[in-house]
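Chemist: would you be able to build a 3D model of this:
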Amino acid sequence: MTMSTPFTDRPLAAPLVDAATEYFWNATREGMLCTRLCKTCGKPHWYPRPLCPFCMGETEWRSLSGLGFIYSVSVTRKAGPIPYAIAYVTLDEGVTMLTNMVDCDLDTLRIGQRVKVCFKPAEGGGMIPMFTPV
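Modeler: Next up, the predicted model:
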């Protein structure tokens, strides 16, 4: 028996939007994944924040490709009525983010597997970035 992950099985809460995250959540509504890049050392980082965690330099928003690979994955089958998978995904730009894996067969998810971002609607009209196999 295979376990699929249609996102519609789980309602998604509206994201918490504040001054620091407004740009990010607006970009997701346009189908773009963004993070911040340091103007001094040039490193991108996740979770986006105004000061670089590497050198404390000023940062600016940059778009990401939305492509990467599964660094680690965990499938939960018994915590509730709907099985789901969470994963650390390392994007091609080098940042690693915790996310949900959706629209796939849970039994086929593997470390190193190529994935791409997809955006799923949340309550209140927001869009949540998640990932699916390429």
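Chemist: any idea how far stretch 72-79 is from the chain center?
Modeler: In terms of Cα atoms, centre = their mean, to the nearest Å, the centre of stretch 72-79 is set 17 Å apart from its chain centre.
Chemist: what does it rub up against?
Modeler: Residues from elsewhere that reach stretch 72-79 (Cβ atoms under 8 Å, 6 or more residues apart in numbering): M3, P83, Y84, A85, I86, A87, Y88, M101, L106, L109, R110, I111. Just so you know, the C-beta spots here come from the backbone N, C-alpha and C atoms, and that holds for glycine as well.
Chemist: I'd like to know which of those are part of strands.
Modeler: Mapping the contacts of stretch 72-79 onto strands (DSSP state E) picks out Y84, A85, I86, A87, Y88, M101.
Chemist: identify the farthest-apart pair in those residues.
Modeler: Pairwise distances among these were taken by Cβ to Cβ; the largest, 14.9 Å, belongs to Y84 and Y88.
Chemist: more neighbours, the two?
Modeler: Set side by side, Y84 and Y88 show more neighbours around Y84, with 19 against 16, by other Cβ atoms under 10 Å.
Chemist: bridged to the more buried one, which residues?
Modeler: Using DSSP bridges, the beta-bridge partners of Y84 come out as T76.
Chemist: may I see the buried residues of stretch 47-61?
Modeler: Judged by neighbour count (16 or more other Cβ atoms under 10 Å), stretch 47-61 contains these buried residues: P48, C52, T59.
Chemist: quick one: the second one from T21, how far?
Modeler: According to Cβ to Cβ, to the nearest Å, C52 stands 17 Å off from T21.
Chemist: out of the ones in strands among the contacts of stretch 72-79, flag the one nearest to G125.
Modeler: Within those, proximity to G125 (Cβ to Cβ) peaks at Y84, which comes in at 22.6 Å.
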